[in-house]
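Requesting a structural model of the entry that follows:
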Amino acid sequence: MAEMLTARTAADLLGVDKRTVLRMARDGKIRSFRTPGGQHRFRREEIERLAAGRETAPTRSVSTVENKRDEVETLNLEMQARRAKRELARMEAEDAAAELDAAAVRRSEQLADKRALAEARLKREHAQQEREAARAREAAERERRIW
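Predicted coordinates:
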């Protein structure tokens, strides 16, 4: 892959101002392409040939239509990224809600278990009290017979 240079680096190698390099690119004297952010990039070999005094092959500059296509493509990519971020946020919110629901179910199950244990304990205590009352009645009945 060819090494790509920024407009500032290309200008330094050529010994000219950055605006001159950008003008040369616009006029088709230097081939360049634009990044999605709108920055120009230049091939190092082409800049070095130009700096050495060798003419480059005539090139066409990137047309306005191609620049607009690149801008539209960049905007489409940004929109896709935004949609993906929104979808991810929605999915994360759904996951968080599902986790909260699961936690609520676990808590209600734990409360139900505690309630069942408490009811079982109360039934045991009540049965114990009933047995003690029956024993007390039997003892009272025995004492009454003895008298």
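
Just say helix, strand or coil for Ala2.
Here Ala2 is recorded as coil under DSSP: H, G, I helix; E, B strand; the rest coil.

what's the closest non-adjacent residue to it?
Sequence neighbours aside, Arg43 is the residue nearest to Ala2 in space, at 4.8 Å (criterion: CB to CB, 6 or more residues apart in numbering). C-beta: built from backbone N, CA, C; applies to glycine.

does the one you found have beta-bridge partners, and which?
Met4 (DSSP bridges).

Assess the claim that it and Glu3 are in contact.
Yes - counting by CB atoms under 8 Å, Arg43 does reach Glu3; the two are 7.4 Å apart.

Comparing these two, which residue is more hemmed in?
Arg43 (18 against 11; other CB atoms under 10 Å).

Determine how far the strand or helix carrying Ala104 lies from the middle of the whole chain.
For Ala104, the host element (DSSP states H and E) is helix 64-146. On the basis of CA atoms, centre = their mean, to the nearest Å, helix 64-146 sits 27 Å off its chain's mean C-alpha point.

so what pLDDT did the residue nearest to Ala2 get?
In this prediction, Arg43 carries a pLDDT score of 92.

show me what contacts it?
By CB atoms under 8 Å, 6 or more residues apart in numbering, the contact list for Arg43 reads Ala2, Glu3, Met4, Leu5, Arg31.

same deal with Thr6?
Gln39, His40, Arg41, Phe42.

let's go with 7 Å and repeat that
Gln39, Arg41 (CB atoms under 7 Å, 6 or more residues apart in numbering).

mind checking how far it is from His126?
To His126, Thr6 is 87 Å away according to CB to CB, to the nearest Å.

what's across from Arg34 in the sheet?
Judged by DSSP bridges, the bridge partners of Arg34 are His40.

Would you quantify the distance from it to Glu109?
Between Arg34 and Glu109 the computed distance is 60 Å (CB to CB).

Neighbour count: these two, which is higher?
Arg34 (16 against 10).

Could you verify my assumption that the more buried one touches Asp70?
Yes - using CB atoms under 7 Å, Arg34 is in contact with Asp70, at 5.8 Å.
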